[in-house]
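*Asks:* Please find the sequence and the predicted model below.
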Amino acid sequence: QPCLAGTSMNQYGHNFTKTIQRIDAAHHMHPFTDHKSLNAEGSRVIVSAEGCWLTDSDGNRILDGMAGLWCMQVGYGRQSITDAVAKQLAELPYYNTFFKTTHVPAARLAEKLAEVTPAHMNRAFFVNSGSEANDTVFRMVRYYWDLMGKPDKKIIIGRNNAYHGSTVAGTSLGGMGAMHKQGDLPVPGVHHIMQPYWFGEGGDLSPAEFGIKAARALDEAIEQLGEDRIAAFIAEPIQGAGGVIIPPETYWPEIKKVLAKRDILLVVDEVICGFGRLGTWFGSDYYDLKPDLMPIAKGLSSGYLPIGGVMVSDRVADVVIGKGGEFYHGFTYSGHPAACAAALENIRILQEEAIVDKVRDETAPYLQEGWLSLADHPLVGEARMVGMVGALELVPEKGNRARKFPSVGEVGTLTRDMSFRNGLVMRAVRDSLILSPPLVISKSEIDELVARARKTLDDSHAELSKRGLLA
Ligand code: PXG
């Protein structure tokens, strides 16, 4: 058994864990999982959580440095969200919003979202996930250009190594090569340009020069494909699942310059950056972007119930609603009452406890200080962080960005597992470690987090030098 800080047996125990692992292995197909290696080890069974802490069925307490899957903004165990959901389920557990009907939580949530999102975004189209939000984007931008009398504008430009979900449209818009290979994606009408990943792809350029180069790639693609064929550019403010790719400072200003002279919609995927992650309500606030469409999910409900949406700017809404007839799109659970109630209470907490301001002014600077201090570790090639989302690039030879570990991902996975054993959830992307903790993490928990991260680096360093993987 792994030895974790704060270990104590709980009511579940070893036999219980084994039983759940057995039935899970027999019947449960997990997302993004190699089942052979999972079942060789057995799943970790998470049974409860409070604040920033998970508890597994063996009684281990683990600090959740990933906020679930980048979504648990307000922390686990919020009784008021549970109560709001219970009340809504008792009052009206379900009704649709299709045929000239609405209900109170959907209407109120749409109004609330118009308040907290950028001023020119005043309408919400509800879905159940970030992937569905991007499927909605895919259809809505094409519908928009049809209504504008420009049906040839169909192509959406995305970026390599972007993540926009795992449905057909989400996978296509995203730039994950391994995902594209499964099922012959992307669908036609999607084009990918380079990502602003200086550490990995910057070569001899300075970050500032590289940021310009990566942004100019958008202009070059537009020239090459023809502006009259391009519907939209989609991007995350900071790429999350791609490895917390924080663009150089020059990148977004240059992208804005490129788009200013073009008639192309800007879609800013806020599924990770939205709801306070960067110390602003949205990544669009942080980078001063004016999106035409904004997919949201995750932090919208802090993951308490599944809900997503597309925030629609006045520019697009005026056409889709003003000129259009029926948009043949929607889901049974679009604006599900209980999910809306959870989201409303989640946003109330974010506002009432001034969580986003606190992140910006107090806890994110404190976390950054600790996280960036890890850059002195021999295994770390770069430490980066904005707000409360960051990465550590692990390298075999400090000071040499070009040198990689022989088999990409092996070291990332090893350190990720090491981190779990040290009682801290981090996520591995290639050979980097990713952090995105709940926004309510306290300063003493941050101290704990940074200490566990450093111990993980030390332990990993020892193991890697034993295996002869270091320079
Ligand atoms: N856009 C972005 C920017 C995302 O990060 C989605 C869309 C899709 O959301 P749904 O709700 O359909 O999952 C995401 C989701 C990971 C990981 O391993 C990241 C996501 C989802 C699952 C795993 O980092 N991001």
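*Replies:* Arrived safely. Residues are numbered from 1 along each chain as shown.

*Asks:* Count the residues that sit near residue 364.
*Replies:* 26 (other CB atoms under 10 Å). Placement of C-beta: from N, CA and C, glycine included.

*Asks:* swap in residue 376?
*Replies:* The burial count for residue 376: 10, using other CB under 10 Å.

*Asks:* Next: residue 191.
*Replies:* 17.

*Asks:* now do residue 373
*Replies:* 13.

*Asks:* So it sits against residue 450, correct?
*Replies:* Yes: between residue 373 and residue 450 there is a contact under CB atoms under 8 Å: 7.3 Å.

*Asks:* Need the three-state assignment for residue 23.
*Replies:* At residue 23 the chain is in helix, as set by DSSP: H, G, I helix; E, B strand; the rest coil.

*Asks:* what does the one 3 residues further on give?
*Replies:* Three-state assignment for residue 26 (three-state DSSP): helix.

*Asks:* so what's it up against?
*Replies:* Not one residue lies near residue 26 by CB atoms under 8 Å, 6 or more residues apart in numbering.

*Asks:* measure it to the ligand for me?
*Replies:* 24 Å (CB to the nearest ligand atom, to the nearest Å).

*Asks:* same check, this time on residue 14
*Replies:* Taking CB to the nearest ligand atom, one finds residue 14 at 29 Å from the ligand.

*Asks:* correct me, but that residue touches residue 58?
*Replies:* Yes: using CB under 8 Å, residue 14 makes contact with residue 58 at a distance of 6.9 Å.

*Asks:* Who has more neighbours out of the two?
*Replies:* residue 58 (20 against 12).

*Asks:* Spell out the secondary structure type for that one.
*Replies:* coil.

*Asks:* For it, grab phi and psi.
*Replies:* Backbone dihedrals for residue 58, given as degrees, to the nearest 10, come out at phi -90, psi 0.

*Asks:* measure the closest residue to the ligand within the stretch 251-400 of the chain to residue 413 for me?
*Replies:* Scanning the stretch 251-400 of the chain for proximity to the ligand using CB to the nearest ligand atom identifies residue 271 as nearest, at 3.5 Å. Separation of residue 271 from residue 413 (CB to CB, to the nearest Å): 24 Å.

*Asks:* These two: which is more packed in?
*Replies:* A direct count of neighbours by other CB under 10 Å for residue 271 and residue 413 places residue 271 higher, at 30 against 13.

*Asks:* isn't residue 442 right up against residue 363?
*Replies:* Yes: with contact defined as CB under 8 Å, residue 442 counts as touching residue 363 (7.4 Å).

*Asks:* got the residues of the stretch 201-350 of the chain near the ligand?
*Replies:* For the stretch 201-350 of the chain, the contact set with the ligand under CB under 6 Å from any ligand atom comprises 236, 240-241, 269, 271-272, 297, 308.

*Asks:* Pull the most distant pair out of those.
*Replies:* Greatest spatial distance in those: 241 and 308, 15.6 Å, computed using CB to CB.

*Asks:* neighbour count winner among those two?
*Replies:* residue 308 (28 against 22).

*Asks:* Tell me who's in contact with the closest residue to the more buried one other than its chain neighbours.
*Replies:* Residue nearest to residue 308 in three dimensions, not counting chain neighbours: residue 297, with 3.4 Å by CB to CB, 6 or more residues apart in numbering. For residue 297, the contact set (CB under 8 Å, 6+ apart) comprises 71, 127, 129-130, 133, 271, 307-309.

*Asks:* Please export the C-alpha coordinates of the top helix by length along the chain as CSV.
*Replies:* Secondary structure of the chain per DSSP state H: the longest helix is helix 443-466. The C-alpha trace of helix 443-466 is given here as CSV (Å, rounded to 0.1, in the frame of the first residue of the first chain):
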residue,chain,number,x,y,z
LYS,A,443,-2.2,29.6,2.1
SER,A,444,-1.4,26.8,4.5
GLU,A,445,-2.7,24.3,2.0
ILE,A,446,-0.5,25.9,-0.6
ASP,A,447,2.5,25.5,1.6
GLU,A,448,1.6,21.8,1.9
LEU,A,449,1.1,21.5,-1.9
VAL,A,450,4.4,23.1,-2.7
ALA,A,451,6.2,20.9,-0.2
ARG,A,452,4.6,17.7,-1.6
ALA,A,453,5.4,18.8,-5.2
ARG,A,454,9.1,19.4,-4.2
LYS,A,455,9.2,16.0,-2.5
THR,A,456,7.8,14.5,-5.6
LEU,A,457,10.5,16.1,-7.7
ASP,A,458,13.2,14.8,-5.3
ASP,A,459,11.8,11.3,-5.3
SER,A,460,11.5,11.3,-9.1
HIS,A,461,15.0,12.6,-9.5
ALA,A,462,16.4,9.8,-7.3
GLU,A,463,14.4,7.2,-9.3
LEU,A,464,15.4,8.6,-12.7
SER,A,465,19.0,8.8,-11.8
LYS,A,466,18.8,5.2,-10.6
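
*Asks:* Quick one: mean pLDDT for that helix?
*Replies:* Here helix 443-466 scores 97 as its mean pLDDT.

*Asks:* and that helix, what does it pack onto?
*Replies:* Counting contacts by 3 or more CB pairs under 8 Å, 6 or more residues apart in numbering; DSSP states H and E, helix 443-466 is packed against strand 61-64, helix 364-373, strand 389-394, helix 410-421, strand 424-425, strand 432-435.

*Asks:* let's go with 10 Å and repeat that
*Replies:* Packing partners of helix 443-466 (3 or more CB pairs under 10 Å, 6 or more residues apart in numbering; DSSP states H and E): strand 61-64, helix 364-373, strand 380-386, strand 389-394, helix 410-421, strand 424-425, strand 432-435.
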